[in-house]
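Colleague: Structure for the following, please:
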Amino acid sequence: MERWGRLTWRLGLSLWLGSIFFLFVAIAPNVFKVLPPAQAGRLVHAIFPVYDGEGLVLGALMLVGAGLLLGARRDLRRWILMAMTMINWLLAWWSWATLRTLQGVHESNPRFHTLHGESVVASVTMFLVGVGALVWDVLSI
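Modeller: Residues are numbered from 1 along each chain as shown. Reported below is the predicted structural model:
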């Protein structure tokens, strides 16, 4: 059970971290360089529901993995790993809710910039907590 828990958790985290990194390093900055602002905005607007949905699914996969790890052996390190996983999953829900609100706000509205900032903070925090959890996991073996 421990092997499957670790595999499930690491798979979910690796895919999630990879997608966050790729979106913020490769896609988002370049789409606004290549396309006119209106088209770039529509494209990013179409990508983010997939990104947020993926985060929720992969976060759930990580929770299953962390639960299997806890079931195999309950110790403080695994409880901390579960807490970090839960924090990331809750951040994914915050990102999803922010996106839903953001979809109804025009970019000229000051509320758009506030919500966009919240979305960026959620994603950066998810990435940092995820990297921290991965380091914690590797050091806890």
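Colleague: which stretches of this protein have low pLDDT?
Modeller: Filtered on pLDDT under 70, the chain yields the residue ranges 141.
Colleague: biggest helix in it, by residue count?
Modeller: Criterion DSSP state H: the longest helix present in the chain is helix 37-72.
Colleague: The helix or strand that comes right after it vs helix 37-72, what angle?
Modeller: Downstream of helix 37-72, the next assigned helix or strand under DSSP states H and E is helix 76-102. Interaxial angle, helix 76-102 versus helix 37-72 (axes from the mean of the first three to the mean of the last three Cα atoms, to 10 degrees): 150 degrees.
Colleague: Tell me which residues of helix 76-102 come out buried.
Modeller: By neighbour count on 16 or more other Cβ atoms under 10 Å, the buried set for helix 76-102 is 78, 81-82, 84-85, 87-89, 91-92, 94-96, 98-99, 102. Using the backbone N, CA and C atoms, a C-beta is placed for each residue, glycine as well.
Colleague: Closest to residue 19 out of those?
Modeller: Residue 19 has its nearest neighbour among the buried residues of helix 76-102 in residue 92, at 11.3 Å by Cβ to Cβ.
Colleague: Cool, thanks, talk later.
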